[in-house]
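# sequence-free structure coming up:
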């Protein structure tokens with residue numbers, strides 16, 4: 001492996017980790033904006049999305065340049081292809097953070113107050129777990145830890161369950177407070193965005209497994225495997 005190739009790989013990894021940090025910050029800030037109904041914070045999340053888009057384009061260009069220049073094979077090629085794929089997943093996670101921020105702005109425009117808007121515990125827990133999963137997926141990429149990846153794939157089932165709980169909350173809320181249906185429906189949309197963030201994290205985990213082990217696990221039933229199993 002030449003020094004030039006090592007330097008190129010290090011540059012791609014650094015670029016990707018910067019994207020991951022930015023995406024994680026976007027999700028965190030969007031969540032905080034929701035908890036506080038903070039319009040200024042929501043607007044900042046929306047404004048910062050362009051940076052993540054630009055980073056995604058830059059990463060893809062860098063990866064394609066590496067393929068053309070060095071013609072990598074085997075695990076090196078998988079790393080380049082996987083890096084592009086992870087970058088796309090992070091960009092989509094950033095888009096979902098923007099969607100949450102836009103929900104905050106609509107809630108503010110509707111006149112709902114923090115006193116009215118009592119968020120369900122399942123939403124708070126889902127948001128916390130999604131952010132933890134995102135952080136863990138980036139750690140797995142750094143350490144090439146496929147055990148973490150398989151755990152993340154199984155954890156996605158929990159996010160799906162929490163998202164389903166939101167509809168029971170909505171049903172009960174409509175019956176108890178029918179005049180407040182608008183903001184409660186908006187919250188179900190936020191729950192869907194959080195659930196989709198977890199889906200993209202799961203995709204990242206699958207990509208890392210492919211890079212490290214050369215195994216394509218997409219569409220396989222890892223989510224139903226016992227804890228600690230790699231099948």
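Received the coordinates, thanks. None of these values were measured; they are calculated from a predicted model.

# how far out from the middle of the chain is the helix or strand hosting residue 197?
Assigning secondary structure by DSSP states H and E places residue 197 in helix 181-213. Using CA atoms, centre = their mean, to the nearest Å, we find the averaged C-alpha position of helix 181-213 to lie 6 Å away from the chain's own average C-alpha position.

# So what's the residue count around residue 189?
15 (other CB atoms under 10 Å). (C-beta placed from N, C-alpha, C; glycine too.)

# I'd say it and residue 103 touch.
Yes. Between residue 189 and residue 103 there is a contact under CB atoms under 8 Å: 5.9 Å.

# so what's residue 58 up against?
Contacts here follow CB atoms under 8 Å, 6 or more residues apart in numbering; on that basis residue 58 touches residue 15.

# Contact partners for residue 66?
When contacts are taken as CB under 8 Å, 6+ apart, residue 66 is in contact with 8-9, 12, 72, 80.

# ok so, going back, helices or strands next to the helix holding residue 197 in the packing?
helix 74-110, helix 121-143, helix 146-176 (3 or more CB pairs under 8 Å, 6 or more residues apart in numbering; DSSP states H and E).

# Residue 185: which of those is closest?
Taking CB to CB as the criterion, helix 146-176 is the member of the helices and strands packed on helix 181-213 that comes nearest to residue 185, at 7.1 Å.

# quick one, the closest one and helix 181-213 angle?
Calculated by axes from the mean of the first three to the mean of the last three CA atoms, to 10 degrees, helix 146-176 forms an angle of 170 degrees with helix 181-213.

# packing partners for helix 146-176?
Here helix 146-176 touches helix 121-143, helix 181-213, going by 3+ CB pairs under 8 Å, 6+ apart.

# hmm, back to that, which of the contacts of residue 66 sits closest to residue 108?
For the contacts of residue 66, the minimum distance to residue 108 (CB to CB) is 39.8 Å, reached by residue 12.

# hang on, that closest one packs against residue 61?
No. Contact between residue 12 and residue 61 fails when scored by CB under 8 Å: they sit 10.9 Å apart.
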